[in-house]
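Engineer: Return atomic coordinates for the entry below.
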Amino acid sequence: MLLTVDVGNTNIVFGVFEKDKLITHWRVVTARDRTTDEYRLLLKELFELDGISLSDVDGIAVSCVVPPVIAALEKACVELYKVKPFIIGPGIKTGISILYDNPKEVGADRIVNAVAGYDKYKRSLVIVDFGTATTFDCVSKKGEYLGGVIAPGIGISLEALFTHASKLPRIEIMAPPAVIGTNTVHSMQSGIFYGYISLVEGIIKLISKEMTEEKPTVIATGGFAELIGSASECINEVDEFLTLKGLKLIYSKNISKR
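Structural biologist: Presented below is the predicted three-dimensional model:
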């Protein structure tokens with residue numbers, strides 16, 4: 001089995017693959033000061049919860065955009081599974097060309113998403129990842145990573161609104177009954193929900209004007225992908241676990257080098 005780990009600024013998503021099938025997954029809060037012992041206990045409990053033996057894991061692939069997490073997580077994996085994690089970083093084989101001015105600046109998760117999307121569609125893509133930031137990653141029909149857009153994420157935008165406007169409450173992110181809110185909660189939900197739909201559709205429209213070789217397929221992923229993707233006319237597919245699938249693909253491309 002392969003354990004895939006996507007470490008984001010807000011959440012860590014774990015996934016377990018048996019051959020090509022994602023058999024289980026877990027999402028936990030990212031804690032920069034979590035210790036090796038805490039990771040060991042966390043992973044042991046998650047595996048026991050789903051009845052999976054730790055000894056069944058013979059490979060681990062990690063994508064991380066939070067460097068302080070790596071050392072403790074890597075040590076916990078070695079102690080638990082007796083396997084050294086394969087960590088996505090510069091110099092690994094991905095199968096796609098990165099046309100960014102400085103390829104080292106591109107977050108590992110963004111490249112992993114591009115690899116997974118292109119492997120499935122083999123055409124031009126825009127991948128919208130609703131994480132701590134909302135990112136738009138563009139892939140050409142030749143499989144080149146062209147670059148993209150980075151915008152504030154839904155969660156941090158709502159948190160900023162709550163923090164800096166003293167009379168506004170902390171609310172649940174969901175679709176309101178109507179665009180025109182008749183109370184404060186619904187008004188805030190409308191601003192976030194419809195505001196981000198408009199942001200996504202506006203940026204996709206502008207990107208499409210620059211990606212002239214063919215109309216890109218738009219894939220949504222990340223924690224809020226289903227919420228926004230189900231209401232947006234420009235999103236063609238929602239794949240919450242695109243990053244985990246990309247980790248598996250990149251691991252397979254590089255495993256012979258280990």
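Engineer: from here on, contacts and neighbour counts on C-alpha atoms
Structural biologist: Will do.
Engineer: now the helices for the chain?
Structural biologist: Using DSSP state H, the helices of the chain run over residues 36-49, 67-81, 108-121, 154-164, 184-210, 225-229, 242-254.
Engineer: Out of those, which is closest to Thr30?
Structural biologist: Proximity to Thr30 (C-alpha to C-alpha) singles out helix 67-81 among those, at 8.5 Å.
Engineer: which strands and helices sit next to the closest one?
Structural biologist: Judged by 3 or more C-alpha pairs under 8 Å, 6 or more residues apart in numbering; DSSP states H and E, the packing partners of helix 67-81 are helix 36-49.
Engineer: How about the helix it packs on, which residues are buried there?
Structural biologist: By 16 or more other C-alpha atoms under 10 Å, the buried positions in helix 36-49 come out as 36, 39-40, 43, 47.
Engineer: Would you pull up how far it lies from the middle of the chain?
Structural biologist: When C-alpha coordinates are averaged (C-alpha atoms, centre = their mean, to the nearest Å), helix 36-49 and its chain have centres 22 Å apart.
Engineer: same thing with stretch 43-56?
Structural biologist: For stretch 43-56, the distance to the chain centre is 23 Å (C-alpha atoms, centre = their mean).
Engineer: List the contacts of it.
Structural biologist: Stretch 43-56 has contacts (C-alpha atoms under 8 Å, 6 or more residues apart in numbering) with 1, 24, 26, 80-81.
Engineer: do the same with stretch 14-21
Structural biologist: Taking C-alpha under 8 Å, 6+ apart as the rule, stretch 14-21 contacts 1-6, 22-27, 244.
Engineer: Just the buried ones among these, please.
Structural biologist: With burial judged by 16+ other C-alpha under 10 Å, the buried subset of the contacts of stretch 14-21 is 1-6, 22, 25, 244.
Engineer: so which of the helices of the chain comes closest to Asn236?
Structural biologist: When the helices of the chain are compared by C-alpha to C-alpha, helix 225-229 sits nearest Asn236, at 8.1 Å.
Engineer: re the thing from before, nearest to Tyr196 among the contacts of stretch 43-56?
Structural biologist: For the contacts of stretch 43-56, the closest approach to Tyr196 (C-alpha to C-alpha) belongs to Trp26, at 25.9 Å.
Engineer: thought that closest one was touching Val13?
Structural biologist: Yes: counting by C-alpha atoms under 8 Å, Val13 is a contact partner of Trp26 at 5.7 Å.
Engineer: So what angle separates the directions of the lowest-mean-pLDDT helix or strand in the chain and helix 184-210?
Structural biologist: Least confident helix or strand, the chain: helix 154-164 with a mean of 91, by mean pLDDT, DSSP states H and E. Angle, helix 154-164 to helix 184-210, by axes from the mean of the first three to the mean of the last three C-alpha atoms, to 10 degrees: 140 degrees.
Engineer: ok, and for helix 154-164, which residues are buried?
Structural biologist: Quick answer for helix 154-164 (16+ other C-alpha under 10 Å): 154-155, 158, 161-162.
Engineer: Same question for stretch 143-154.
Structural biologist: Residues of stretch 143-154 classed as buried: 143-145, 147-148, 153-154 (neighbour count, 16+ other C-alpha under 10 Å).
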